[in-house]
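# generate coordinates for the sequence data below:
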Amino acid sequence: MKHPPRLLLKLFWTFFKIGAFTFGGGYAMLPLIESECVEKYEWITGEELARVTVIAESTPGPVAINCATFVGNKKAGFAGALASTFGVVLPSFVIILMLSLFLGRVLEIPLVAKAFKGIRVAVAILILRAGLRMLLRMEKKPLPLILFGAALAAMLAISIFSLPVSTIALLGAAAAVSLSLSLAKAWRERKDGDGQ
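Sure thing, here's the model as predicted:
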């Protein structure tokens with residue numbers, strides 16, 4: 001099915017803006033992706049954004065690029081995925097190319113160094129905001145809340161004690177715990193149903 005060039009241009013421009021005006025990587029981009037794709041254009045739902053974020057974190061590549069590819073593909077197939085992905089990548093590519101040419105000299109300017117300190121704080125706040133919004137959207141059932149608490153405790157322990165733990169190992173452990181608890185719950189429900 002052929003999609004109108006206007007939609008492809010809108011996908012490209014939306015993700016170009018997200019890529020150009022968000023500092024700090026994928027998680028810092030999530031509030032802007034939510035604002036544009038969920039609230040403004042309604043291309044995806046908040047639940048879909050939460051799911052694609054989890055999937056994007058579990059697969060190779062930056063979160064924002066994976067989200068852009070998902071949204072573009074959902075709205076306009078392969079051409080949409082290409083337009084969205086190219087849009088979100090292009091600003092970073094151009095900025096990094098420019099910085100690589102002048103970075104040493106630019107960072108020596110005191111005003112720029114101070115600006116980067118401020119940007120780091122803003123990035124941390126954006127990431128925290130994205131995490132809190134996902135938490136508020138999460139099911140308020142015992143299993144998700146227990147997993148959230150365990151993950152938070154693990155992250156704090158890893159950060160405080162500087163433990164060399166792989167992200168893949170953490171994701172695998174969380175998936176294994178969730179699957180085990182879900183299977184145990186299903187088995188218990190089936191056993192209770194058979195007993196009646």
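
# for the rest of this, base every contact and every neighbour count on C-alpha atoms.
OK.

# how far away is Ser180 from Ile95?
Counting by CA to CA, to the nearest Å, the separation of Ser180 from Ile95 is 45 Å.

# what of Gly149?
For Gly149 relative to Ile95 (CA to CA), the value is 38 Å.

# now swap in Phe161 and tell me
Here Phe161 is placed at a distance of 35 Å from Ile95 (CA to CA).

# neighbour count for these two, which is higher?
Each of Phe161 and Ile95 has its neighbours counted (other CA atoms under 10 Å); Ile95 has more, 11 against 8.

# local confidence estimate at that one?
Ile95 carries a pLDDT value of 83.

# what packs against the helix or strand containing it?
Assigned by DSSP states H and E, Ile95 falls within helix 63-107. Judged by 3 or more CA pairs under 8 Å, 6 or more residues apart in numbering; DSSP states H and E, helix 63-107 is in contact with helix 5-21, helix 26-33, helix 46-58.

# if we use 6 Å, what do you get?
helix 5-21 (3 or more CA pairs under 6 Å, 6 or more residues apart in numbering; DSSP states H and E).

# now the angle from the helix it packs on to helix 63-107?
50 degrees (axes from the mean of the first three to the mean of the last three CA atoms, to 10 degrees).

# can you show me the CA trace of helix 5-21 as PDB?
Output of helix 5-21 as PDB, limited to C-alpha atoms (Å, rounded to 0.1, in the frame of the first residue of the first chain):
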ATOM      1  CA  PRO A   5       4.400  11.700   0.900                       C
ATOM      2  CA  ARG A   6       2.900  14.200   3.300                       C
ATOM      3  CA  LEU A   7       2.700  11.500   6.000                       C
ATOM      4  CA  LEU A   8       6.300  10.400   5.400                       C
ATOM      5  CA  LEU A   9       7.400  14.100   5.600                       C
ATOM      6  CA  LYS A  10       5.400  14.500   8.800                       C
ATOM      7  CA  LEU A  11       7.100  11.400  10.300                       C
ATOM      8  CA  PHE A  12      10.500  12.600   9.200                       C
ATOM      9  CA  TRP A  13      10.000  16.100  10.500                       C
ATOM     10  CA  THR A  14       8.500  15.000  13.900                       C
ATOM     11  CA  PHE A  15      11.400  12.700  14.600                       C
ATOM     12  CA  PHE A  16      13.900  15.200  13.200                       C
ATOM     13  CA  LYS A  17      12.700  17.700  15.900                       C
ATOM     14  CA  ILE A  18      12.900  15.000  18.600                       C
ATOM     15  CA  GLY A  19      16.400  14.100  17.600                       C
ATOM     16  CA  ALA A  20      17.500  17.800  17.300                       C
ATOM     17  CA  PHE A  21      16.100  19.200  20.500                       C
END
